[in-house]
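A.B. asks: need a 3D model of the sequence below.
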Amino acid sequence: MEFGIFVQGYVPASRSRTDPAAEHHALMEEAEYVVQADRSGFKYAWVTEHHFLEEYSHLSANDVFLGYLAHATDHIHLGSGIFNPLPQVNHPVKVAEKAAMLDHLSGGRFEFGTGRGAGSHEILAFLPGTTDMNATREIWEETIAEFPKMWCQEEYEGFRGKHWSLPPRKVLPKPYGPSHPAMWYAAGSPSSYAMAARKGLGVLGFSVQKVSDMEWVLDSYKSVIGEAEPVGGFVNDNVMVTSTAICAETHQKAVEIAASGGLNRLQSLLFRYHDTFPRPEGIPEWPELLPEYTEDIIELLIAEELMICGDPDEVLRQCERWERAGADQLVFGLPVGIPYEDTITTLQLIGEHVIPKIDTDPVHRTTRFRRAAAGA
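C.D. replies: Residues are numbered from 1 along each chain as shown. Sure thing, here's the model as predicted:
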């Protein structure tokens, strides 16, 4: 099992009230988290694309952010988590160009994650007159198979579809190195996992909540991926899942950090904006918030495998549960309401005590797929 982090530009109101430059500081700190993750042996960093989501995510221009990280890091793969390829949001040709450019700037370390967006407040703003989020599925389905053609055909044959068109053109630059970047889809429901598998796409499981979810995830994805007809040059047989992670020198210190991080607000904002996600029982309607997380609640979340939290030995055992359950990649959403120093410590401790005992392959899984596709 490989490891990664994801960043999203979280700027809680509590931070903005005390720091006039809170937005700037949050974005720059998250860039530093990726740099530290690179030094600590994490293999992937996923960078979100969101629009209009006050507090929850101010990271709208993730292509710019990824370009900075391409220069600031050496080994870690940098992924769009996601680029939204709906032509009303980002024209597909410009998405293909940005992905190939990032592949060059990173030396072949770019991972191409896409999706349709998970919230009506965000996505329907780009689709005036549309009130149904399901309408985006048809647009995404029409578009996704065109990217490998734009990357690999010397002159792209062009496209005439229902939602966008382009005459034959040379789409430049071409990706760096063999084949093209690994392709991923941000999936939520069982049907989305199966659809991604049929197309040979890896899945970004941002909605996977706990280890027990792996049963339905694997059943939906792994039972189909063996029969994939890939839209690209290779099958990216990959299930990525996410969890919050806090690691400290002692269990008590980790729990104290988690309880002081304002995680209840972040979770409340998630369900405020991601209104296509199933809403678990007990999640209040915004602006009402979940209760503040006490140390007792943190202990319960750990016991229910809804959070990775503890000293290095505990975090190792918790990560091993995900590995045994079948996750290909475990990605940590860093609880950025906690102090910068504590987040850096989490990355350092996991890099020193956890990753070397689980991920013993020096080569990225997607690199192996990409090389095999080119016969390298």
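A.B. asks: which helix or strand lies directly C-terminal to the host helix or strand of Met214?
C.D. replies: Counting by DSSP states H and E, the element that carries Met214 is helix 214-225. Using DSSP H and E, the helix or strand that follows helix 214-225 in sequence is strand 239-247.
A.B. asks: okay, now Glu292: neighbour count?
C.D. replies: Neighbourhood size, Glu292 [other CB atoms under 10 Å]: 12. For every residue, glycine as well, the C-beta is placed using N, CA and C.
A.B. asks: before we move on, the earlier item: what's the helix holding Met214 packed up against?
C.D. replies: Secondary-structure packing of helix 214-225 (3 or more CB pairs under 8 Å, 6 or more residues apart in numbering; DSSP states H and E): helix 190-198, strand 202-205, strand 239-247, helix 312-325.
A.B. asks: how about the longest helix along the chain: buried residues?
C.D. replies: Counting by DSSP state H, the longest helix found in the chain is helix 22-39. Of the residues in helix 22-39, 22, 26-27, 30-31, 33-38 count as buried by neighbour count, 16 or more other CB atoms under 10 Å.
A.B. asks: average model confidence for the helix holding Met214?
C.D. replies: Helix 214-225 carries an average pLDDT of 96.
A.B. asks: how about that helix: buried residues?
C.D. replies: Buried residues in helix 214-225 (16+ other CB under 10 Å): 214, 217-218, 220-221, 224-225.
A.B. asks: cool, stretch 356-376 as well?
C.D. replies: 359, 364-367, 369-371, 373.
A.B. asks: with adjacent residues omitted, what lies nearest to Ala372?
C.D. replies: With sequence-adjacent residues excluded and distances taken as CB to CB, 6 or more residues apart in numbering, Ala372 is closest to Phe234, at 6.7 Å.
A.B. asks: residue contacts, the one you found?
C.D. replies: 179, 182, 200, 369-370, 372-373 (CB atoms under 8 Å, 6 or more residues apart in numbering).
A.B. asks: cool, Glu249 as well?
C.D. replies: 311, 345, 349.
A.B. asks: and the residues you listed, which is closest to Leu270?
C.D. replies: Comparing the contacts of Glu249 against Leu270 with CB to CB picks out Thr345 as the nearest, at 24.7 Å.
A.B. asks: quick one, phi/psi of the residue nearest to Ala372?
C.D. replies: Note on Phe234: its backbone torsions stand at phi -160, psi 160 [degrees, to the nearest 10].
A.B. asks: from Val11, how far off is it?
C.D. replies: As for Phe234, its distance to Val11 is 38 Å (criterion: CB to CB, to the nearest Å).
A.B. asks: equivalent analysis for Leu266, please.
C.D. replies: 11 Å.
A.B. asks: ok, Tyr221 next?
C.D. replies: From Tyr221 to Val11 the distance is 34 Å (CB to CB).
A.B. asks: Leu66 sits in which helix or strand?
C.D. replies: helix 62-72.
A.B. asks: next, the angle helix 22-39 makes with that helix.
C.D. replies: Going by axes from the mean of the first three to the mean of the last three CA atoms, to 10 degrees, helix 62-72 is angled at 50 degrees with respect to helix 22-39.
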